[in-house]
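Colleague: Quick one, what's the 3D model for this:
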Amino acid sequence: MILEISVPKECVHMHTVWKGAISFGLVHVPVKMFTATEDKDVHFRSIHKTCGTPISHVRTCTHCNMEVKPDEIAKGFEYEKGKFVLFNEDEIEALKPESAKVIQILDFVDLVDIDPLYYQKAYYLSPDMTGSGAYSLLLEAIRQTGKIGIAKISIRSKSSLAAIRAVDNCLCLETMHFPDEIRSLSQVPNLPDQTSVSDKELTMAKMLIEQLSEKFQPEKYTDDYRIAMLEAIEQKLAGQSVDLVASPTEGRSNVIDLMAALQASLDAAKTPPSPAKRKQKKTKKAEESVS
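Modeller: A predicted model of the protein is given here:
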């Protein structure tokens, strides 16, 4: 049994997660944004072991002891313990910055100047509508200068810095943390005040690093935990483990009853009338002809 299905490239359709434009100077580049990475973790659902039904997570109010409907929920910021200031969707929408629709490139920097600690998530950008000319211009300018564009962007009510760079024939955007989102190293416990190692040990460590150094080849690295988990799932399926359950199908009895009722109606329509009913029907017809 194969749990991972390889989909041909021509069948894959990326979902647009953001639509707007890149702006640098007086150049306006309409673009669409697509997620560059995908989650391949093995996801589990909470199952009721007694009957095999997936557990639903219902939004409830612990004070009112009741389920809360979506239109009864507001956004709240906790400014003190147990005290909140509320916002509705219109208020939040009005506060969205210009970067919600335009990626304004603020500066161009060298890639080596950006600490990887700042990076969050990668996206691909493609030209939208008639923006292929301006797109190609920005792509080639970034490629030939070797620079990285630093911009601001807002995606799904989340504002962040972004780095725009060229990856082959595509512009790639990587969201970044703002500086105040990076925790200070002073908060990390037990860091040495200064390094103290022997010259001999340092020389041997550097030699070992040199021996293990090679060009980065991402395809050689695999998610061993995910592979092991998928193999364990396959083993349970192949052995028809007692851990296999099927959730009960709701409403099935109603379907059976309805089908039975329909079938009974059809059977009744096909059943010839009894002799008494035929005689009664003939008498009725005769009376109608006399009248």
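Colleague: what's the first-to-last distance across stretch 67-86?
Modeller: Across stretch 67-86, the terminal residues are separated by 20 Å (Cα to Cα, to the nearest Å).
Colleague: For Gly239, see how far away Val31 is.
Modeller: 50 Å (Cβ to Cβ, to the nearest Å). Where C-beta positions appear, they are placed from N, C-alpha and C, glycine not excepted.
Colleague: of these two, who's got more company?
Modeller: Remark: of Val31 and Gly239, Val31 carries more neighbours, 25 against 10, as counted by other Cβ atoms under 10 Å.
Colleague: Now the more buried one: closest residue in space that isn't a chain neighbour?
Modeller: Leu125 (4.5 Å; Cβ to Cβ, 6 or more residues apart in numbering).
Colleague: residues contacting the one you found?
Modeller: Ile22, Val31, Lys32, Met33, Phe34, Tyr135, Ile164, Cys170, Leu171, Cys172, Leu173 (Cβ atoms under 8 Å, 6 or more residues apart in numbering).
Colleague: again with Thr37
Modeller: Thr37 makes contact with Lys121, Ala122 under the criterion Cβ under 8 Å, 6+ apart.
Colleague: Mind doing that once more with 6 Å?
Modeller: Thr37 sits next to Ala122 when contact means Cβ atoms under 6 Å, 6 or more residues apart in numbering.
Colleague: try Ile164
Modeller: Contacts of Ile164 (Cβ under 6 Å, 6+ apart): Gly149, Leu171, Leu173.
Colleague: Now list the buried members of the residues you listed.
Modeller: Gly149, Leu171, Leu173 (16 or more other Cβ atoms under 10 Å).
Colleague: Quick check: pLDDT value at the nearest residue to the second one once chain neighbours are set aside.
Modeller: To tie it back to what came earlier, the one meant is Leu171. The shortest distance from Leu171 to any non-neighbouring residue, by Cβ to Cβ, 6+ apart, is to Leu125 (4.2 Å). You'll see Leu125 listed with a pLDDT of 94.
Colleague: and if you look at Ser253?
Modeller: Ser253 carries a pLDDT value of 46.
Colleague: Tell me if I'm right that Pro30 and Gly131 touch.
Modeller: Yes - counting by Cβ atoms under 6 Å, Pro30 does reach Gly131; the two are 3.7 Å apart.
Colleague: secondary structure class for the residue nearest to Val31?
Modeller: strand (DSSP: H, G, I helix; E, B strand; the rest coil).
Colleague: circling back to that earlier point, may I have the beta-bridge partners of the residue nearest to Leu171?
Modeller: Met33, Leu171 (DSSP bridges).
Colleague: Columns pLDDT and distance to Val112 on top of the buried ones among the contacts of Ile164, output as JSON lines?
Modeller: Output for these, formatted as JSON lines (pLDDT from 0 to 100; distance: Cβ to Cβ, whole Å):
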{"residue": "Gly149", "pLDDT": "95", "distance to Val112": "15"}
{"residue": "Leu171", "pLDDT": "95", "distance to Val112": "20"}
{"residue": "Leu173", "pLDDT": "95", "distance to Val112": "19"}
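Colleague: if we take those, which one ends up nearest to Glu89?
Modeller: Proximity of those to Glu89 (Cβ to Cβ) peaks at Leu173, which lies at 26.3 Å.
Colleague: Can you tell me the element Gln31 falls in?
Modeller: If you look again at residue 31, you'll see it is Val, not Gln. For Val31, the element it lies in under DSSP states H and E is strand 27-35.
Colleague: and that strand, how far from the chain's centre?
Modeller: 20 Å (Cα atoms, centre = their mean, to the nearest Å).
Colleague: Packing partners of it?
Modeller: Here strand 27-35 touches strand 16-24, strand 119-127, helix 132-145, going by 3 or more Cβ pairs under 6 Å, 6 or more residues apart in numbering; DSSP states H and E.
Colleague: List just the nearest of the contacts of Ile164 to Leu106.
Modeller: Gly149 (8.2 Å).
Colleague: and that closest one, what are its bridge partners?
Modeller: Under the criterion used (DSSP bridges), Gly149 bridges to Phe108, Ile164.
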